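[1] how does the following fold in three dimensions:
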Amino acid sequence: MGSSNPMKIIIIEDDVSALKEFIDCASNRLDIIISGMTDSSDEGITYVKNKLPEAVILDLELNWGKGSGFDFLDKLNQLDLVLRPIIIVTTQNRNMAIQKQLHTDYAVHWVFSKFQEGYNPDLVFNHLVKFRTYLHSQNDDNKPMKTLETPEEYERRIITRIKAEMNQFGISTRYKGRIIVEDAIFRLIFKDDKKESETVFQDLARARKTHYNNIIKCIQTAINDAWQNHDDIDMLAKVFTDPVRKDSGGPSPTQFIHYYAKKIRESM
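    Now for the predicted structure:
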């Protein structure tokens, strides 16, 4: 599980608006991915056992959920895990004695007050990513980490990663080509023959009851708009590293979906 792969995170949170903020933030990042969300401490334990996350973001109170953060931590301490995830607690409680107990009795790595200045999902995610290398250095036995992730969960994780990549590239959701190119990349990821982009485009045309050329045109328009109007050219060059001719309006649809299918396939 190298650092090039997105960091798998479980979120246990009962506040819908807070959860949405985490989801929206994660959708614009390539270094983390939310592999499970729940408002139940018991379901959170099930997720840890089955999904083997690298980190857990835990709401201590769970006032509108089931159980509590302490319930989760008590049960977590009873598990024999190959890799104990990083635990970040978020709370509305500023009692220093409770925070000390979380560190000493439950080995919680960080406690964030939801009311502290500068608190936001990016702050939490950045702490996790910085601590990731240390986390894996503790797995000295190099035991295999098998997950019970279902095929459906894996597909949802792939789809989330594709959307994050498209956000980074800057393809606007107002273009029909955004949806089509996401579908094309997803289909190509699961093709055994990596040269099957033409088959993918033909399949998309049949599924949408349109002509092959319309599929290509929609994708190319969306790509060109992002390529020519990206706010940060240097960042775009880091996001898409394949060589592109200077006199072109951007990568071709074939080059584009092959690049992202390969990138995502190799990192998931």
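[2] which residues sit against the lowest-mean-pLDDT helix or strand in the chain?
    Using mean pLDDT, DSSP states H and E, helix 233-239 stands out as the lowest-scoring helix or strand of the chain, at a mean of 75. The contact list for helix 233-239, computed with C-beta atoms under 8 Å, 6 or more residues apart in numbering, reads 165, 168, 169, 170, 226, 227, 230. Backbone N, C-alpha and C define where each C-beta goes, glycine included.
[3] one more time with 6 Å, if that's ok
    Applying C-beta atoms under 6 Å, 6 or more residues apart in numbering, the external contacts of helix 233-239 come out as 168, 169, 230.
[4] who wins on neighbours among those residues?
    When neighbours are counted by other C-beta atoms under 10 Å, residue 169 leads the contacts of helix 233-239 with 21 neighbours.
[5] residues touching that residue, list them.
    226, 239.
[6] what segments of the chain are strands?
    7-12, 32-38, 55-59, 86-91, 110-113 (DSSP state E).
[7] and those strands, which is most packed in?
    strand 55-59 (a mean of 26; mean count of other C-beta atoms under 10 Å).
[8] tell me what that strand is packed against?
    strand 7-12, strand 86-91 (3 or more C-beta pairs under 6 Å, 6 or more residues apart in numbering; DSSP states H and E).
[9] possible to save the ones you listed as JSON lines with mean pLDDT?
    JSON lines is the format used below for these (pLDDT from 0 to 100):
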{"stretch": "strand 7-12", "mean pLDDT": "94"}
{"stretch": "strand 86-91", "mean pLDDT": "94"}
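[10] quick one: residue 58 and residue 11 touch, right?
    No - here residue 58 does not reach residue 11: they are 8.2 Å apart, not a contact under C-beta atoms under 6 Å.
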